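**Student:** Got a sequence here, can you model it:
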Amino acid sequence: MVSILVPDEQDIISGENPSNTNADVTWEGPEYAKLQPIVFGFAMFQTLYAACELDLFTKLSKQPGMTADELSHQLGLPAHSTRLLLLMCSSIELVVKNGDQYYNSYVSEKLLIPGKPKCAIPFVRSAQFLQYKGFYHLLEALQRETNIGVNEYEGGGLYGNPFPGMSANPEMELVLYEVMEAIWEHSHPGLDEIEELKQVKHLLDVAGGNAVVASLVHDKYPHLRISIFDRPSACKLAQKTIAKNGKQGIINTIPGNMFEDPFPSGPDGIIISHILEELTAADAEKLLRKAYDALPSGGKLLAFDFTCRNDERGPLYGARISLYFLCNATGAGMAYPAS
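**Tutor:** This is a model prediction of the structure:
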């Protein structure tokens, strides 16, 4: 596991001390202990991804205490490959080895079994398919302040068309909505007891995607009628979610381009979630102006975005997604400080 520590005065050491020969530094010491998970993070992550794809943790959950030979058969891997996978999984505490038997670690049993509440696998798949290849170009993205990483993905990934989220890559689009659903599974309590949503009668969800947010909002505010305004491919996915949740006639879809088309008139409330954070100031202002123009007098506008701490020293999620916006997404925006 990686521990992110806030430095104190002892951690801030001047590089001007000529007597500092690093004679006290060892491979096993605390300095390398902090760096090793970062330097070798590529191997750690790819091991996690491979184990999830092979369904290792489900298999160990159903049959704990299997040996390497038994797991080799269950996973469909050669014996030596299985041995290497289990060595790495044991090293990073995804599995626990006791004698010649293997068990899920506490974290793996809690978070890496498909179908369990708050399962982490959508975050793993998002990192693999939406981020990993593009982040290879982070240095150039920082130097040029542009989203050079999108070139790694067919059709420019999720951002190869004229406006954010207009995907030329349906497979990536599905992974995006999978991880957004996982994010809202954690963050939906933030939608509770919002006074403005109690006052609104008809809510327009701009770039509402596959209707997961709209469904959550309606569960909490059942008086609402909700319209999702998004690209046609997203509206098709939204219609499946609406039908699955039995919300036909309550939530509807309106295909459109949020930058090029006017916002539909009629709703007295507009919600924009996880869009403004990844735009230039000019593009964000354009959306806000369109929302203002579409709303009646007294209408409500609600925006939800990721944030970083006010002192910009974390958290890791906000810092990471800010680099994602730059390198792999729009090339703009960040998880801004909350205030």
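
**Student:** residues in contact with the worst-scoring helix or strand of the chain on mean pLDDT?
**Tutor:** One helix or strand of the chain scores below all others by mean pLDDT, DSSP states H and E: helix 170-187, with a mean of 89. The contact list for helix 170-187 (CB atoms under 8 Å, 6 or more residues apart in numbering) reads 117-120, 122-123, 125-126, 129-130, 153, 157-158, 167, 209-210, 212-213, 216, 233-234, 237, 274. (Each C-beta comes from the backbone N, C-alpha and C, glycine too.)

**Student:** Please flag which of those residues sit within helices.
**Tutor:** Here DSSP state H is the test, and the contacts of helix 170-187 give 122-123, 125-126, 212-213, 216, 233-234, 237 as lying in helices.

**Student:** List only those of the residues you listed flagged as buried.
**Tutor:** Burial by neighbour count, judged by 16 or more other CB atoms under 10 Å, picks out 122, 125-126, 212-213, 216, 233-234, 237 from the ones in helices among the contacts of helix 170-187.

**Student:** any chance of those in CSV, with pLDDT too?
**Tutor:** Formatted as CSV, those follow (pLDDT from 0 to 100):
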residue, pLDDT
P122, 97
R125, 97
S126, 95
V212, 94
V213, 94
L216, 95
S233, 88
A234, 90
L237, 93
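
**Student:** wait, which of the residues you listed is closest to T67?
**Tutor:** R125 (28.8 Å; CB to CB).

**Student:** What sits closest to that closest one if chain neighbours are left out?
**Tutor:** Leaving out its chain neighbours, the residue that sits closest to R125 by CB to CB, 6 or more residues apart in numbering is V175, at 5.5 Å.

**Student:** Count the residues that sit near that neighbour.
**Tutor:** The tally of other residues near V175 (other CB atoms under 10 Å) stands at 19.

**Student:** can you tell me how far it sits from L130?
**Tutor:** V175 sits 6 Å away from L130, going by CB to CB, to the nearest Å.

**Student:** Next: P315.
**Tutor:** Relative to L130, P315 is positioned 20 Å away (CB to CB).

**Student:** Tell me which of these two has more neighbours.
**Tutor:** Neighbour tally, P315 and L130, criterion other CB under 10 Å: the higher count belongs to L130, 21 against 13.

**Student:** How much space separates the more buried one from A182?
**Tutor:** On the measure of CB to CB, L130 and A182 end up 13 Å apart.

**Student:** shaky segments in the stretch 151-300 of the chain?
**Tutor:** Low-confidence segments of the stretch 151-300 of the chain (pLDDT under 70): 155-168.

**Student:** which stretches of the protein form helices?
**Tutor:** With DSSP H, the ranges of helices along the chain come out as 30-39, 41-53, 56-62, 68-75, 79-91, 106-111, 121-126, 138-144, 170-187, 195-199, 212-220, 232-244, 281-294, 316-328.

**Student:** Would you reformat these as TSV and include distance to G269?
**Tutor:** What follows is those, written out as TSV (distance: least, CB to CB, whole Å):
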stretch	distance to G269
helix 30-39	44
helix 41-53	39
helix 56-62	42
helix 68-75	50
helix 79-91	48
helix 106-111	35
helix 121-126	29
helix 138-144	36
helix 170-187	18
helix 195-199	7
helix 212-220	10
helix 232-244	18
helix 281-294	10
helix 316-328	26
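
**Student:** Break the protein into its domains for me.
**Tutor:** Domain ranges of the chain: 41-111, 121-178+309-328, 193-304, per automatic domain parsing.
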